[in-house]
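Student: A predicted structure for the sequence below; I have some questions about it.
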Amino acid sequence: MASDVEYDTAYGVGATLGKAGNPRTWEAGLFYHRSSRDCALFAQFIDSDFGDGTTDSEGWVIKAGYAW
């Protein structure tokens, strides 16, 4: 981490309940993500559906699934 850079932080936290794997099972999740502008992140850790896949984004993700 560079000491003269103010925007150098990124984190994500969340939880998932259940697992929609077998028929008539469900799952639900809630996640929070924040990354500062121009922070260096491994590209595989950035979700392309969230914040257009770029840094300088912050927000919540809600997911749900049901297996028929």
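Tutor: Received the coordinates, thanks.

Student: how far does stretch 17-29 sit from the chain's center?
Tutor: Remark: stretch 17-29 is offset 19 Å from the chain centroid, using Cα atoms, centre = their mean, to the nearest Å.

Student: hmm, who's touching that stretch?
Tutor: The contact list for stretch 17-29 (Cβ atoms under 8 Å, 6 or more residues apart in numbering) reads 14-16, 61-68. C-beta coordinates here come from the backbone N, C-alpha and C atoms, glycine included.

Student: sort the residues you listed by pLDDT and name the bottom one.
Tutor: pLDDT is lowest at Val61 among the contacts of stretch 17-29; the value there is 91.

Student: let me see the contact set for it.
Tutor: Val61 is in contact with 14, 29-33, 47, 50, counting by Cβ under 8 Å, 6+ apart.

Student: before we move on, the earlier item: taking the contacts of stretch 17-29 one by one, which sit in strands?
Tutor: Counted as lying in strands by DSSP state E, out of the contacts of stretch 17-29, are 14-16, 61-67.

Student: reformat these as TSV; add distance to Asp38.
Tutor: Output for these, formatted as TSV (distance: Cβ to Cβ, whole Å):
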residue	distance to Asp38
Gly14	24
Ala15	29
Thr16	30
Val61	22
Ile62	28
Lys63	28
Ala64	33
Gly65	34
Tyr66	39
Ala67	40
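
Student: same list (the contacts of Val61) but as JSON lines, adding neighbour count and distance to Asp56.
Tutor: Shown next, in JSON lines, are these (neighbours: other Cβ atoms under 10 Å; distance: Cβ to Cβ, whole Å):
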{"residue": "Gly14", "neighbour count": "13", "distance to Asp56": "20"}
{"residue": "Gly29", "neighbour count": "14", "distance to Asp56": "24"}
{"residue": "Leu30", "neighbour count": "14", "distance to Asp56": "22"}
{"residue": "Phe31", "neighbour count": "16", "distance to Asp56": "18"}
{"residue": "Tyr32", "neighbour count": "12", "distance to Asp56": "16"}
{"residue": "His33", "neighbour count": "19", "distance to Asp56": "12"}
{"residue": "Asp47", "neighbour count": "13", "distance to Asp56": "14"}
{"residue": "Phe50", "neighbour count": "17", "distance to Asp56": "12"}
